[in-house]
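Visitor: could you look at this predicted model? Sequence included:
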Amino acid sequence: MSRSPDVIGDGIESLQQRHGPFPVNQTTLSLSPAAYRDAAERARDGFADVYVRVENDDGEVLHVQSEDRKRVPRCVGGSEKPLTERARDAVADATGVDCTIDEIVRVTIAGVRNAEDTDAETVYRLLVLVDAMYDGGQTERGVWAAESAIPEFV
């Protein structure tokens with residue numbers, strides 16, 4: 001179910017080869033069973049959760065508005081499609097906005113645990129924050145805001 005630390009290390013190495021150096025942090029997250037299941041499902045789809053911080057000419061950051069909060073667009077990154085392409089497509093799909101990915105800002109290695117089941121396997125994820133610039137398009141499903149809503153663990 002989970003990605004091993006070796007796969008995560010290979011993922012960091014691959015990202016550095018394609019995008020150059022970036023800072024790497026490490027953290028452990030204890031999540032509710034539902035959030036843990038969600039992380040495990042994303043682990044099957046790819047080794048990284050990619051958060052995209054798109055900035056417009058006014059310095060505002062693009063967000064996806066859900067019923068209870070807003071957050072920057074995100075996607076799951078794997079090895080079959082370049083991370084920048086997946087991130088760009090995810091922003092367009094979630095918001096209607098076109099962007100150009102500038103750089104990887106930082107990567108966090110996250111060991112994700114089930115807070116209520118200590119026997120559950122740890123799921124390892126890369127949490128990747130990328131910066132992007134607005135290229136055009138209308139915000140059909142997105143909103144611009146002065147502050148960037150990025151989870152504190154990214």
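Guide: Looks like it arrived, so ask away.
Visitor: give me the below-cutoff pLDDT ranges for the chain.
Guide: 1-5, 78-79 (pLDDT under 70).
Visitor: look through it and tell me its longest strand.
Guide: strand 98-114 (DSSP state E).
Visitor: from the chain's centre, how far out does it sit?
Guide: Remark: strand 98-114 is offset 5 Å from the chain centroid, using Cα atoms, centre = their mean, to the nearest Å.
Visitor: show me where this structure has helices.
Guide: All helices of the chain, identified by DSSP state H, fall at 5-19, 33-45, 83-95.
Visitor: out of these, deepest packed?
Guide: Among the helices of the chain, helix 83-95 has the highest mean neighbour count (mean count of other Cβ atoms under 10 Å), at a mean of 20. C-beta: built from backbone N, CA, C; applies to glycine.
Visitor: packing partners for it?
Guide: Other elements packing on helix 83-95 under the criterion 3 or more Cβ pairs under 8 Å, 6 or more residues apart in numbering; DSSP states H and E are helix 5-19, strand 48-55, strand 61-65, strand 74-77, strand 98-114, strand 123-136.
Visitor: let's see that with 7 Å instead.
Guide: For helix 83-95, the elements it packs on are strand 48-55, strand 61-65, strand 74-77, strand 98-114, judged by 3 or more Cβ pairs under 7 Å, 6 or more residues apart in numbering; DSSP states H and E.
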